[in-house]
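Q: next one to model:
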Amino acid sequence: MNHSDHVHSVAHHASAAASSPVAASWRRCLTVHGLSPEEARAPQRLSEREFRAAREASGHLIEEAQGELDRLFSTVGRAGCCLLLTDSNGVALERRGAAGDDKDFRGLGLWSGTVWSEASVGTNGIGTAIADERPVVIQRDQHFLSCNTGLICSTAPIRDHCGRVAAAIDISTCREDAGEMAMLLMSQAIRDAAARIEANLFRRAFNGARILLVPAEGKSSPALLAIDRDDLVLGATRAARLRLNLDDRRIAAGVPAADVLDEVPAGQGEDLFDAERAALRRVLSRSSGNVSQAADTLGISRATLYRKMKKLSIN
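A: From the prediction side, this is the model:
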């Protein structure tokens, strides 16, 4: 049975699609996107104007990802691999590849300005990672199109500061000697790079806020909270949202970080006494314990400050 027949056979069995992400993707390609595996189909390519518009719309993403792309390519570039950074539509915005491999990758469509969504070229690392919202490795004959079965692709989605898939980072190779162990290592490297880019985007979105790392066992994505000066949560990455049961509604309502982190029992530690005591301790700390300087900062007399310190049990 050739590849095209195998895809049709598997995709038409609902049970296979229910148990296998690859089979589910094949089924989408046939029934939703109207593709055929035997098509010699190249990725859609944007016009220069469309490509410029796509890059402008993702300017912050490109800026925050440049360092990670360069760092990753310095490690895998000599192994005959190509790196792509795409937006949420699968448009390749940035590319890294060795000059000696350019002809092969350009022929396959692994080039800036091409569209690697499932609707464009069927099951592939980029399109399927975006559709499934999870990291994937698509090995040669797991691709939908027969013309792409020479590729191995490892891709991880990148989420924005609200937890939505905003991009993907992919490493692909068409080398016949690419081993399974090497691809597993590359897959981990891709996931790590995606996590760092996601963290960069989150910090950029909440520049000036306090960023807190939330313990999240077994999570490769960063579990981060952005907190304002009043200890209210401004934002959370998807990993933090899942870990702390946060959503846009709770965040918009202004939930205290201490509450979601279970740092104090509900109803305790949040009254005016504790708030005033904490604020006063911060001022004294910043003045290195100099009461006169702290009093000047607060705009009160030393005697008033001493009375407040006694009242609040601050030595």
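Q: quick check: which element contains the residue nearest the centre of the chain?
A: Central residue of the chain (CA atoms, centre = their mean): Ile158, 2.6 Å from the mean position. Applying DSSP states H and E as the criterion places Ile158 in strand 152-159.
Q: strand partners of the next helix or strand after that strand, parallel vs antiparallel please.
A: Downstream of strand 152-159, the next assigned helix or strand under DSSP H and E is strand 165-173. Using DSSP bridges, strand 165-173 pairs in its sheet with strand 81-87 (antiparallel), strand 152-159 (antiparallel).
Q: so which of these is nearest Gly59?
A: Of all the strands paired with strand 165-173, strand 81-87 sits nearest to Gly59, with 11.0 Å by CB to CB. Just so you know, the C-beta spots here come from the backbone N, C-alpha and C atoms, and that holds for glycine as well.
Q: quick one: contacts of the closest one?
A: For strand 81-87, the external contacting residues (CB atoms under 8 Å, 6 or more residues apart in numbering) are 54, 57-58, 61-62, 65, 69, 72-73, 76-77, 92-97, 101, 105, 110, 116, 126, 130, 166-173, 186.
Q: which of the strands paired with strand 165-173 sits closest to Lys310?
A: strand 152-159 (49.8 Å).
Q: which residue packs closest to Phe206, ignoring adjacent ones?
A: Ala226 (3.6 Å; CB to CB, 6 or more residues apart in numbering).
Q: again but with Pro215, I slipped
A: Ala223 (7.4 Å).
Q: thought the one you found was touching Leu246?
A: No. Using CB atoms under 8 Å, Ala223 is not in contact with Leu246; the gap is 10.6 Å.
Q: which residues do the two both contact?
A: Common contacts of Ala223 and Leu246 (CB under 8 Å, 6+ apart): Ala240.
Q: distance-wise, check His12 relative to Val22.
A: 14 Å (CB to CB, to the nearest Å).
Q: equivalent analysis for Leu246, please.
A: As judged by CB to CB, Leu246 and Val22 stand 32 Å apart.
Q: circling back: Ala167 is in contact with the residue nearest to the centre of the chain, correct?
A: Yes. In this structure Ile158 lies within contact range of Ala167 using CB under 8 Å: 4.1 Å.
Q: need the residues touching each of these two.
A: 61, 65, 197.
Q: need these in a markdown table (columns: secondary structure, distance to Gln44 and pLDDT).
A: Below are the shared contacts of Ile158 and Ala167 laid out as a markdown table (DSSP: H, G, I helix; E, B strand; the rest coil; distance: CB to CB, whole Å; pLDDT from 0 to 100):
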| residue | secondary structure | distance to Gln44 | pLDDT |
| --- | --- | --- | --- |
| Leu61 | helix | 20 | 98 |
| Ala65 | helix | 22 | 98 |
| Ile197 | helix | 25 | 97 |
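Q: need the residues you listed in TSV with distance to Pro135 and neighbour count, can you?
A: Formatted as TSV, the shared contacts of Ile158 and Ala167 follow (distance: CB to CB, whole Å; neighbours: other CB atoms under 10 Å):
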residue	distance to Pro135	neighbour count
Leu61	18	24
Ala65	16	25
Ile197	13	25
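Q: can you tell me which of those residues is nearest Thr237?
A: After measuring the shared contacts of Ile158 and Ala167 against Thr237 - CB to CB - the closest member comes out as Ile197, at 11.8 Å.
Q: distance check, that closest one against Pro157.
A: Counting by CB to CB, the gap from Ile197 to Pro157 is 11 Å.
Q: what do these two both touch?
A: Common neighbours of Ile197 and Pro157, using CB under 8 Å, 6+ apart, are Ala167.
Q: just the pLDDT for Leu185.
A: For Leu185, the pLDDT comes out at 81.
Q: neighbours around the residue nearest to Arg95 when sequence neighbours are not counted, how many?
A: Nearest non-adjacent residue to Arg95, counting by CB to CB, 6+ apart: Ser112, 4.8 Å away. When neighbours are counted by other CB atoms under 10 Å, Ser112 registers 18.
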